[in-house]
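1. just to be clear, the model below is a prediction. Sequence and coordinates:
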Amino acid sequence: MTAPSELETAVNADVPAEPTDGYHLVVDALKLNDVRTIYGVVGIPITDLARLAQAEGIRYVGFRHESNAGHAAAIAGYLTKKPGVCLTVSAPGFLNGLVALANATTNCFPMVQISGSSERHVVDLKQGDYEEMDQLAAAQQFCKAAYRVSRVEDIGRGIARALRTAISGRPGGVYLDIPAAVLGSIIDADKGAKTLSRLVDPAPRQLPAPDAVDRAIEVLAGAERPLVVLGKGAAYSQADDQIREFIESTGIPYVPMSMAKGLLPDDHPQSAATARSLALKKADVVMLVGARLNWLLNHGQAPQWNPDAKFVQVDIEATEMDSNQPIAAPLVGDIESVFEALAERTKPGQISAPTAWREELAARSAQNVAKMAERLKVDKHPMQFMGALKAIRDVVHERPETYIVNEGANALDLARNVIDMHVPRHRLDSGTWGVMGIGMGYAIAAAVETGDPVVAVEGDSAFGFSGMELETICRYKLPVVTVIMNNGGVYRGDDVNPLGDGPAPTTLMSEARHDLMIEAFGGKGYRATTPAEVTAALTEALASGGPALIDCVIDPSAGTESGNIGHLNPKGIGNFTGKKK
Ligand code: ADP
């Protein structure tokens, strides 16, 4: 045996007798804080982190693109009220994940993106490292907060801080940068363990002030035509019973925003969803519950709204008040606490929606429901959106535990109206940005987190943003049925290029066979050209409990430009539309 070299002696002197490293501390800190699932894409420098997490009992779900992994983490956060965690590699992988982090923040979903990053000293001197990027600086503007762990002994604090920031107050996306060198750093195991901590009360209740509650009661009590608007913050809060109790005891009609559908069943007698325009135009007191007066609510402005309406707003974020309209009664607090306080401080019968108003809305609802029933009866060939969507609606009615994921333009707008929801938090869609690309990520996380079936109703264009995750769905054998509204285009498939030298900007391949895509990965593909075929395929697919895709062949001329929001396209002087004459 030869004597150890000088270098070997020096290295051994630095290695503790019972060592641990950054990888282990990250996994231990996540486990200590009940993180049970990580969504990610592996690569340098985080591959071993994913391996170790899995070996230590954290479920790791590996994706094909970081945006989809990030969207999965975000919606997992929404569904579970715990931060969803996404793991990305440095620079390009990090940037791919950032869309989802920003989308989570915009939608107020709790999520943490943990990303490996390159050597700090090389990055900071811009010496051209592998995947070099100042990720912390890049992330700052796209999330609620961004942190970096620069020393192995700060891993526990970094993770605790990231998780608490994501979940407390208004939830949002948090970025946590962990350079490769920190992951590989060695530290004494005992010393390392002492740096970890379990969060106490990570999302503390925020009680509203009693005078703010009394003010709101007074405003609501004076209303002749009160209306409650339920947003996805209300669904997220999981205060289902308290919200229902308030609505039913006061008799106030309510309108759900799209992801709040099902918080109370869509066929509830007080739902004014089917008399929405009239409700908004005439309500004199509007109580916003976890819903922002943003573009989705026309900023609370006339002519969609009564210009004299008074607003009561329930939100955890004080700075949301007055962002679009003056708020007569701000109720800042978490929704559960606010509704408990309202129940405590309202005298019996003090808030009560006048019968005339309820009847006016109910009459309009009945008219609109009858009109919709007529539209849904039409069974034209080639198949229209309505025919396919009615078939989907009728099948999922039988299985109310089914999660509906929905994105697209017409596919989104029409499905939102046709597919009614009966269970809270079961409709997951494009949300506040109207973003495309959430489809497969949301579907995967819904299936992974709940084990329940998922039907993803996708425009053919929207599906393209995350379609490769069909492989992920098949690899994990998830109960996800993807239903594609295939009209061969973005919005519609019949635009023409006036020069005739290639496809028009909005067209996709009309003969595309999405059903064959899933078969490449062992899933079951169906092609449906009539509503009856949609019914048969979806019934069989849901009964199988495995991955499936139904390509619904829709009339290429069906669909309107940008769906319901065509008015947001700026008007120029020319007419560029390439409609066939
Ligand atoms: P929608 O798009 O459905 O109208 P928004 O995303 O615009 O809903 O609004 C959600 C609102 O809910 C945000 O302003 C957010 O601050 C608020 N929020 C989220 N969670 C809670 C909670 N637990 N208590 C109170 N407000 C909440």
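-> Everything's here; your move.

2. is Ile404 located within a strand, as I assumed?
-> Yes - the assignment for Ile404 is a strand, going by DSSP: H, G, I helix; E, B strand; the rest coil.

3. need the three-state assignment for whichever residue of the stretch 51-200 of the chain sits closest to the ligand.
-> For the stretch 51-200 of the chain and the ligand, the shortest gap (Cβ to the nearest ligand atom) falls at Arg170, measuring 3.8 Å. All C-beta spots, glycine's among them, are computed from the backbone N, C-alpha and C. Put simply, Arg170 is coil when judged by three-state DSSP.

4. wait, it touches Cys108, no?
-> Yes - Arg170 sits in contact with Cys108 when judged by Cβ atoms under 8 Å, with a separation of 5.5 Å.

5. on that earlier part again, now do the contacts for the residue nearest to the residue of the stretch 51-200 of the chain closest to the ligand when sequence neighbours are not counted.
-> Nearest residue to Arg170 in three dimensions, chain neighbours excluded: Glu317, at 4.1 Å (Cβ to Cβ, 6 or more residues apart in numbering). By Cβ atoms under 8 Å, 6 or more residues apart in numbering, the contact set of Glu317 is 169-170, 332.

6. just the buried ones out of these, please.
-> Neighbour counting by 16 or more other Cβ atoms under 10 Å classes 169, 332 among these as buried.

7. sorry, back to before: contacting residues for the residue of the stretch 51-200 of the chain closest to the ligand?
-> Arg170 neighbours (Cβ under 8 Å, 6+ apart): 108, 144, 315-317, 320.

8. closest to Ala548 out of those residues?
-> Of all the contacts of Arg170, Ala548 sits closest to Cys108, with 32.3 Å by Cβ to Cβ.

9. burial count for the closest one?
-> 26 (other Cβ atoms under 10 Å).

10. all helices of the stretch 201-350 of the chain, in order?
-> 210-221, 232-237, 240-250, 276-282, 335-345 (DSSP state H, counting those that start in this stretch).

11. against which helices or strands is the one helix or strand Lys31 maps to packed?
-> Taking DSSP states H and E as the criterion, Lys31 maps to helix 22-32. Counting contacts by 3 or more Cβ pairs under 8 Å, 6 or more residues apart in numbering; DSSP states H and E, helix 22-32 packs against helix 47-55, helix 155-167, helix 180-184, helix 189-194.

12. list the contacts of the shortest one.
-> Contact partners of helix 180-184, identified using Cβ under 8 Å, 6+ apart, comprise 21-23, 26, 44-46, 48-49, 90, 116-120, 149-152, 155.

13. can we see that at 7 Å?
-> 21-23, 45, 49, 116-119, 149-152 (Cβ atoms under 7 Å, 6 or more residues apart in numbering).

14. check the second one too.
-> Helix 155-167 is contacted by residues 22, 25-26, 29-30, 33, 82-83, 110-112, 144-145, 147, 149, 172-174, 176, 195-197, 199, 202-203 when judged by Cβ under 7 Å, 6+ apart.

15. still on that earlier bit, what's the most buried one of the helices and strands packed on helix 22-32?
-> Scoring those by mean neighbour count under mean count of other Cβ atoms under 10 Å gives helix 155-167 as the most buried, with a mean of 23.

16. quick check: residues of this protein near the ligand?
-> 107-108, 170-171, 231-233, 236-237, 257, 259-260, 290-292, 294, 296, 315-317, 320, 334-335, 432 (Cβ under 6 Å from any ligand atom).

17. so of those residues, which ones are in strands?
-> Counting by DSSP state E, the part of the residues of the chain next to the ligand found in strands is Asp315.

18. filter the residues of the chain next to the ligand to the buried ones?
-> The buried subset of those - by 16+ other Cβ under 10 Å - is 107-108, 171, 231-233, 236-237, 257, 259-260, 290-292, 315-317, 320, 334-335, 432.

19. good, we can wrap up now.
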